[in-house]
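Engineer: 3D, please:
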Amino acid sequence: MQVKYTLPILAVAGFLFASYTVVSSNKPTPVAPPVAAPASAPFKSFIAGAGIVESESRNIAIGTPLSGIVKTLAVKVGDKVKAGTPLFYLDDRETRADLAVKLADLAKARTDVNEAEAALKDTKSLSDLAEAVTDRRAISSEELLRRGNAELISKTKLDSAKALVQQAEAALTTTQTTLARLVVQAPIDGEVLQVNIRPGEFAQAGALNTPLLVLGNMDRLHVRVDIDENDAWRFDKNSKAVAYLRGNRNFKTDLTPAYVEPYVVPKKSLTGDSTEQVDTRVLQALYSFDRNQLPVYVGQQMDVFIEAKDYAGNGGSPL
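Structural biologist: Numbers count the residues shown, from 1 in each chain. I've put the predicted structure just below:
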């Protein structure tokens, strides 16, 4: 009797379990709440754009005019430097050896000038003595001519010696210039934002994907806003603008217009790679704000809202 009811009971239980499994699996997966609520626009009509923080002077990628081994690194990240402050030194042993040769060449050239001046003085004295003889029977015309030519030759040798001095001075200046170029200096007053070289590493001249150093003026910060080309006609640089810190909308600041780059460019994705682009073209507007107003870093993203006129009741036309 028990076996008679066992199988139907098991069948009903399996059917109920299968039904429950099917119903449970068809329920939509709940959407995970965002880590931080997105910022909302404080204006009724607005233009929204993604912004990235940069220094007031723009982020200057420091390079080197000459390739070489880094001998000394004079700064570290966070250092504030003045224009002309050495940032790093390249190996200059070969250039200094060449400088010593150029100094010796210049000293010899100047000695040759002194020697040529003495020779000219001697030949001129002999020529003057010959010219002072009133009785032409005492000295032949050939001797007068010979002494005159000797004086001209001495003058020419002196001019040549002086030219060699100028040449040696120019060569010395070239070497001194090369020596000065082996010391990379700060082009502006600013703060060291990034250092990508170490003593003993080879610093390559020219454009690099990873700059040797990054320098910027941090007295005020700029936020570079990408405005979609479809919204460019609505943009007014004098309109109010507010920026929210990406990740925490409680941190916000009013923005002051700095300037607009009047050239629509392909949008660069904000990944840090300067060569990565998408199809959208954007107008780039820069706004400034006091760095003390927000706990923000250069390179950080912000959500920017710019107030715009509402043309909805006018057929979308600005006229």
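
Engineer: from the chain's centroid, how far away is stretch 224-238?
Structural biologist: Remark: stretch 224-238 is offset 27 Å from the chain centroid, using C-alpha atoms, centre = their mean, to the nearest Å.

Engineer: pLDDT of it, averaged?
Structural biologist: Mean pLDDT, stretch 224-238: 91.

Engineer: run through who's touching it.
Structural biologist: Taking contacts as C-beta atoms under 8 Å, 6 or more residues apart in numbering, the residues outside stretch 224-238 that touch it are 47, 49-52, 54, 241, 257, 260, 264, 267, 280-287, 304, 306, 308-309, 311, 318. (Each C-beta comes from the backbone N, C-alpha and C, glycine too.)

Engineer: could you flag which of the residues you listed are buried?
Structural biologist: Buried members of the contacts of stretch 224-238, counted by 16 or more other C-beta atoms under 10 Å: 47, 49-52, 54, 241, 257, 267, 282-287, 304, 306, 308.

Engineer: now go through those and say which are in strands.
Structural biologist: Residues of these located in strands (DSSP state E): 47, 49-52, 54, 241, 257, 267, 282-287, 304, 306.

Engineer: report the contact partners of the closest residue to K157 other than its chain neighbours.
Structural biologist: Among residues not flanking K157 along the chain, A116 sits closest, at 4.8 Å (C-beta to C-beta, 6 or more residues apart in numbering). Applying C-beta under 8 Å, 6+ apart to A116 gives the contacts 154, 157-158, 160-161.

Engineer: and A116, how close does it get to A203?
Structural biologist: Taking C-beta to C-beta, to the nearest Å as the measure, A116 falls 45 Å from A203.

Engineer: quick revisit: now do the residue nearest to K157 against A171, distance only.
Structural biologist: According to C-beta to C-beta, A116 stands 20 Å off from A171.

Engineer: with adjacent residues omitted, what lies nearest to Q167?
Structural biologist: Leaving out its chain neighbours, the residue that sits closest to Q167 by C-beta to C-beta, 6+ apart is A109, at 7.5 Å.

Engineer: right, and the helix or strand after the host helix or strand of the one you found?
Structural biologist: According to DSSP states H and E, A109 maps onto helix 93-132. Next in sequence after helix 93-132, counting helices and strands by DSSP H and E, comes helix 141-181.

Engineer: how about residues contacting the helix or strand immediately after that next one in the chain?
Structural biologist: Next helix or strand after helix 141-181 toward the C-terminus (DSSP H and E): strand 183-185. By C-beta under 8 Å, 6+ apart, the surrounding residues in contact with strand 183-185 are 62, 64, 83-90, 212.

Engineer: how about a cut-off of 10 Å?
Structural biologist: Applying C-beta atoms under 10 Å, 6 or more residues apart in numbering, the contact partners of strand 183-185 are 62-66, 70-72, 74, 81-90, 92, 197, 203, 212-213.

Engineer: which helix or strand in this structure has the lowest average pLDDT?
Structural biologist: In the chain, the helix or strand scored least confidently by mean pLDDT, DSSP states H and E is helix 2-25, which has a mean of 69.

Engineer: what sits against A83?
Structural biologist: Taking C-beta under 10 Å, 6+ apart as the test, what A83 contacts is 185-190.

Engineer: just the buried residues of these.
Structural biologist: The buried subset of the contacts of A83 - by 16+ other C-beta under 10 Å - is 185-186, 189-190.

Engineer: can you list the residues you listed in a markdown table and add distance to K102?
Structural biologist: As requested, these are exported to a markdown table (distance: C-beta to C-beta, whole Å):
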| residue | distance to K102 |
| --- | --- |
| Q185 | 23 |
| A186 | 28 |
| D189 | 34 |
| G190 | 35 |
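
Engineer: which one of the residues you listed is nearest L103?
Structural biologist: Of all the buried ones among the contacts of A83, Q185 has the smallest distance to L103: 24.2 Å, by C-beta to C-beta.

Engineer: can you tell me which of the contacts of strand 183-185 are buried?
Structural biologist: Among those, those buried by neighbour count (16+ other C-beta under 10 Å) are 62, 64, 70, 81, 87-90, 92, 197, 203, 212-213.

Engineer: biggest separation within the residues you listed, which pair?
Structural biologist: V81 and D92 (20.9 Å).

Engineer: which helix or strand contains the residue minimising distance to the centre of the chain?
Structural biologist: Residue closest to the mean C-alpha point of the chain, counted by C-alpha atoms, centre = their mean, is A61 at 2.4 Å. Per DSSP H and E: A61 is located in strand 60-62.

Engineer: any idea how far the next helix or strand after that strand is from the chain center?
Structural biologist: Remark: after strand 60-62, the chain's next helix or strand is strand 68-73, criterion DSSP H and E. On the basis of C-alpha atoms, centre = their mean, strand 68-73 is displaced by 19 Å from the centre of the chain it belongs to.
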